[in-house]
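Peer 1: Sequence and predicted structure are below.
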2 protein chains.
Amino acid sequence: MLEEDIDKIFVKYVKEYQDINGTYVHVYEKPPTALEFLRTSVHPNRPAIIKGGFEHWPARTKWTNDYLRSKMGETVVTVAGKSTPNGYADAVTYDPVTDKEYFTMPHEEKMTFNSFIDLIEGKAVSANANYISLQNGSLPTEYSAIEKDVNQDIDWCNGALGKQPDAVNFWFGDDKSATSLHKDPYENCYAVIRGQKTFILYPPTEYYCMHESLYQNAIYVPNETTQKLELSPLESSTPWIPVNPLYPDFTKYPKFMHACPITVTVKEGEMLYLPALWFHQVMQKGDEGVIAVNYWYDMEYTNSLFPTMGLFRRLITGSMEGNRELLVDEEDSD
Amino acid sequence: MLEEDIDKIFVKYVKEYQDINGTYVHVYEKPPTALEFLRTSVHPNRPAIIKGGFEHWPARTKWTNDYLRSKMGETVVTVAGKSTPNGYADAVTYDPVTDKEYFTMPHEEKMTFNSFIDLIEGKAVSANANYISLQNGSLPTEYSAIEKDVNQDIDWCNGALGKQPDAVNFWFGDDKSATSLHKDPYENCYAVIRGQKTFILYPPTEYYCMHESLYQNAIYVPNETTQKLELSPLESSTPWIPVNPLYPDFTKYPKFMHACPITVTVKEGEMLYLPALWFHQVMQKGDEGVIAVNYWYDMEYTNSLFPTMGLFRRLITGSMEGNRELLVDEEDSD
C-alpha cells in the first residue's frame, strides 16, 4: 500500500469522526449521577463541562494568596521553570545554540511556597516562567497542609469508573505558563478554583494530524553565573507533538490542517472532564495566579482505545514502538 | 509502507489486545444494575453471561411446542431456508455449478407456524435447514400472539444505554441451523428460552484476521420441479467473512491463525451480552427446537469504535469503502 493511500484513508477516518461528532461539548448544569456521566461522557469518550458541584469546598472561598501563605508559608515546594518568552512545559523547543529541536523538560526548582507567591505577585522577579505543575499526586504530599480544603475524590466520577483517583494534583501558575499539546493515559476531572483555563482539545482519532515524532531530550539548567535557564541535551528521547495549535506551521506540519480543535474555557467553579488520550494544550488567565486541582483516574485498558493508539503510532510513524512509552518512559520495545 | 509491515503492525495490535484481555467472559450471577453493566461490560466492549433475571417470564414455563401451536397455529410466518448439509444462513458458499463462491442469502418461505413446528418435530420432512431468524423486530409483528410472554425490553440494559431496544426478535431453529461469522452494529442482549446456543466470539480488534472480502450475492431459489433449493446469482455484492472457525482453512486464510476464539455456551434461562461489532458464529442444540429472544439496541456511534472499524476495512482490504455498507446495504460510497 502506498503512503498516499494510507494518508487518504486516515484523512477519511479523521473526517468521519468529525462528521459524526462535530465540536460538541456537553454541559452539565449540575453534577451528574455516576450512570449519567458514564453513559454521556466516559463511554463515548467525549469532553464535558460540569458547572458547580464544589461550591461547598472550603478552597473556593479560602484560597486567597494570604491564606495559602499562612498555611504553606515556608513549606518547600517543587516549581517547574522554563526560560521565557516560551513558557511551555514539556514541549518541543528549537535551540539556536545547537540549531536543533529538542523535547525540553523544565528545570525543577525547590523553593519555599512564599518565594513562589512572591514571583506570582511580582514581588520578586524571575527571568523564567514558573509553574507549580508536579503531576505525581502533589496535593496529599507537598500540599498536605491545604489538602482538606478540597474533596479527596469526585463521588460521581468514582462511581462511574468504579475506582478512586490514582493521583490528585495541585496546579498554580500564571499566564506565562502553558502546556504544549500532549495526551495522558488517564481520565481527568479538572476543577478550576481560581481564574480560568482554556483547553484546546483534539480527539484521539486525530493522532494522524499531530506529526508526533521522536525528539532528543534536553533539560533546562540554570547558568551558574547568570542563573538564566539554558538547554542541556540528554541521551534519551521522547515521542512528542511539535505543533502549536495557536500558531500552526502548516508548511512544516501539513497533516495538522485536517485537525479540528475544540476550544473550551473552564471558569472558576467549573470542572472539565478531559477524556483519556485526548490531545490537549492548556493556557491560563487570572489575577494573582490561577489555581486548579485535578483528579486523575486510571483509564480503561480493556477496551480497544489504548491498543488502537499504539496501532496508529506504528502505522503512521513507521516505528514498531507502541504505547508502552506512554506508560513507561524510555522502555525499549521490539 | 510495505504490505508486510502493515501485516506485522496489525498482528502486534491483535496480540496486544489479547494479552490485555485474554478470553475472559464476565458472569453476572444475577441481573446487574444499569451502572454495573455499563461499567463492567458495555464500556469495555466485552461479552458477558447474565444468569437468571427472567425466571418470571411466562415464556420460560409456557413455551412448549403445544402451547406455541395453540397461540400461533395457522399464523403465517417467515422461515429462512438453506439447502443442507450446509445450514448456514447468510454465508459465503461455494457453488459447484458455477465453480465460484457467493455470499448466499436464504430462501424466505412463508408457511403456517404449525407447518414449521411439523418440520422441527420431524412430522414433516424438508430437504432444507429451516430457521425462524427474521431480524426486523419479529416478536411484536409476526409473533404478536405470544409477545406478552416475555419482557418488551431489559430494564438494566435500557438504563445503561439510555434507550429502548431498536428491535426484538424471535428465534426458533434446530441444530441444522447456524449462522456464519459476522458482526452487527448493535448492542445485543440474547436470552435463551429453550435449549442452548453456543457462540464463537472474536473482538473487533481481530478484523485483520477475518479475511473479509467482497462476494457476489446469490439467493437460494426452489427448483420448480424438485423443490430443492438451488443457488441463483444476483448482480449485487456484499463484504463478508469466508472463514468457518469450526473448520478453518489456514492455507486459504492464514491471517485467521492470529485470531483467538472465545467460546461461550448460553443455557436455557441465561442471557448473553454480545457487544456491538464483535464477530460471532452461532450454533444451537436442544430437543424439539431451540428458542431465543434477542434485544437489539443501537450502538454508540459517538465513540471511535465505529469509524475505527471503517478505517481497518480500508487499510486491510485496500478498498475505500468504509462502514456504510454495514448500515445500508448496497449503498455506493466513494
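Peer 2: That came through fine.

Peer 1: Now do stretch A:203-213: distance from first to last residue.
Peer 2: Taking CA to CA, to the nearest Å, the first and last residues of stretch A:203-213 lie 18 Å apart.

Peer 1: And the average pLDDT for it is what?
Peer 2: Averaged across stretch A:203-213, the pLDDT comes to 96.

Peer 1: cool, and stretch A:237-254?
Peer 2: This predicted structure assigns stretch A:237-254 an average pLDDT of 95.

Peer 1: What of stretch A:110-122?
Peer 2: Taken as a whole, stretch A:110-122 has an average pLDDT of 93.

Peer 1: Now do it: distance to the chain's middle.
Peer 2: Chain-centre distance of stretch A:110-122: 22 Å, with CA atoms, centre = their mean, to the nearest Å.

Peer 1: Give the buried residues for it.
Peer 2: By neighbour count on 16 or more other CB atoms under 10 Å in any protein chain shown, the buried set for stretch A:110-122 is A:111, A:113-120. In short, each C-beta sits where N, CA and C put it, glycine included.

Peer 1: Would you mind putting the CA coordinates of that stretch into PDB?
Peer 2: In PDB, the C-alpha atoms belonging to stretch A:110-122 read as follows (Å, rounded to 0.1, in the frame of the first residue of the first chain):
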ATOM      1  CA  LYS A 110      12.800  23.700  45.100                       C
ATOM      2  CA  MET A 111      11.700  26.900  46.800                       C
ATOM      3  CA  THR A 112       9.500  28.000  49.700                       C
ATOM      4  CA  PHE A 113       5.900  28.500  48.900                       C
ATOM      5  CA  ASN A 114       6.300  32.100  50.000                       C
ATOM      6  CA  SER A 115       9.000  32.600  47.400                       C
ATOM      7  CA  PHE A 116       6.700  31.200  44.700                       C
ATOM      8  CA  ILE A 117       3.900  33.600  45.700                       C
ATOM      9  CA  ASP A 118       6.400  36.500  45.600                       C
ATOM     10  CA  LEU A 119       7.100  35.600  42.000                       C
ATOM     11  CA  ILE A 120       3.400  35.300  41.100                       C
ATOM     12  CA  GLU A 121       2.600  38.600  42.800                       C
ATOM     13  CA  GLY A 122       5.600  40.300  41.100                       C
END
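
Peer 1: Identify the residues contacting it?
Peer 2: For stretch A:110-122, contacts defined as CB atoms under 8 Å, 6 or more residues apart in numbering or on different chains pick out A:65, A:68-69, A:72-79, A:123-126, A:130, A:132, A:172-174, A:288-289.

Peer 1: Buried only: go through the residues you listed for me.
Peer 2: Among the contacts of stretch A:110-122, those that count as buried by neighbour count (16+ other CB under 10 Å) are A:65, A:68-69, A:72, A:77-79, A:126, A:130, A:132, A:172-174, A:289.

Peer 1: Among the buried residues of stretch A:110-122, name the ones in helices.
Peer 2: Taking DSSP state H, the ones among those that sit in helices are A:113-120.

Peer 1: remind me which residues of chain A are low pLDDT?
Peer 2: Counting by pLDDT under 70, the ranges of chain A that qualify are A:83-89, A:319-334.

Peer 1: what about the longest strand along it, distance to the chain center?
Peer 2: Taking residue count as the measure and DSSP state E as the definition, the longest strand of chain A comes out as strand A:229-240. For strand A:229-240, the distance from its own C-alpha centre to the chain's C-alpha centre is 19 Å (CA atoms, centre = their mean).

Peer 1: And the helices in chain A?
Peer 2: Listed in chain order, the helices of chain A (DSSP H) span A:3-21, A:34-37, A:58-62, A:65-72, A:113-120, A:155-161, A:305-317, A:324-327.

Peer 1: between those, which one is nearest to A:Tyr190?
Peer 2: helix A:155-161 (11.2 Å; CB to CB).

Peer 1: helices or strands next to that closest one in the packing?
Peer 2: helix A:34-37, strand A:186-194, strand A:290-298 (3 or more CB pairs under 8 Å, 6 or more residues apart in numbering or on different chains; DSSP states H and E).

Peer 1: Generate TSV for these, with distance to A:Ile200 as supplementary columns.
Peer 2: Written out in TSV, the entries for these read as follows (distance: least, CB to CB, whole Å):
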stretch	distance to A:Ile200
helix A:34-37	23
strand A:186-194	14
strand A:290-298	16
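
Peer 1: between those, which gets nearest to B:Asp5?
Peer 2: strand A:186-194 (31.0 Å).

Peer 1: For the closest one, buried residues please.
Peer 2: Buried residues in strand A:186-194, counting neighbours by 16+ other CB under 10 Å, are found at A:186-194.

Peer 1: Pairing partners for that strand, with directions?
Peer 2: Listed by DSSP bridges, the sheet partners of strand A:186-194 and their directions read strand A:270-274 (antiparallel), strand A:290-298 (antiparallel).

Peer 1: Point out the most buried one among those strands.
Peer 2: Each of the strands paired with strand A:186-194 was assessed for mean neighbour count using mean count of other CB atoms under 10 Å in any protein chain shown. The highest is strand A:270-274, with a mean of 24.

Peer 1: check contacts around the nearest residue to A:Gly286 once chain neighbours are set aside.
Peer 2: For A:Gly286, ignoring the flanking residues on the chain, the nearest one in space by CB to CB, 6 or more residues apart in numbering or on different chains is A:Gly195 at 2.1 Å. Contacts for A:Gly195 were tallied using CB under 8 Å, 6+ apart; they are A:268, A:284-287, A:289-291.

Peer 1: And A:Gly195, how close does it get to A:Glu270?
Peer 2: A:Gly195 sits 11 Å away from A:Glu270 when distances are taken as CB to CB, to the nearest Å.

Peer 1: Looking at strand pairing, list the partners for A:Val266.
Peer 2: If you apply DSSP bridges, the partners that A:Val266 bridges to are A:Lys197.

Peer 1: That one: how many residues sit nearby?
Peer 2: With neighbours defined by other CB atoms under 10 Å in any protein chain shown, the count for A:Val266 comes to 22.

Peer 1: For A:Ile50, see how far away it is.
Peer 2: As defined by CB to CB, A:Val266 lies at a distance of 9 Å from A:Ile50.

Peer 1: likewise A:Asn128?
Peer 2: Using CB to CB, one obtains 34 Å as the distance from A:Asn128 to A:Ile50.

Peer 1: The two: who's more crowded?
Peer 2: Each of A:Asn128 and A:Ile50 had its neighbours counted (other CB under 10 Å), and the higher figure belongs to A:Ile50 (26 against 23).

Peer 1: Now that one. Nearest residue, chain neighbours left out?
Peer 2: For A:Ile50, the spatially nearest residue (CB to CB, 6+ apart) is A:Met271, at 4.2 Å.

Peer 1: which residues touch the one you found?
Peer 2: For A:Met271, the residues meeting the contact criterion (CB under 8 Å, 6+ apart) are A:49-50, A:53-54, A:154, A:189-192.

Peer 1: List just the nearest of these to chain B.
Peer 2: For those, the closest approach to chain B (CB to the nearest CB) belongs to A:Ile154, at 15.4 Å.

Peer 1: who's the nearest residue to that closest one once chain neighbours are set aside bridged to?
Peer 2: Among residues not flanking A:Ile154 along the chain, A:Cys189 sits closest, at 5.1 Å (CB to CB, 6+ apart). In this structure, A:Cys189 has beta-bridge partners A:Tyr273, A:Tyr295, where bridges are defined by DSSP bridges.
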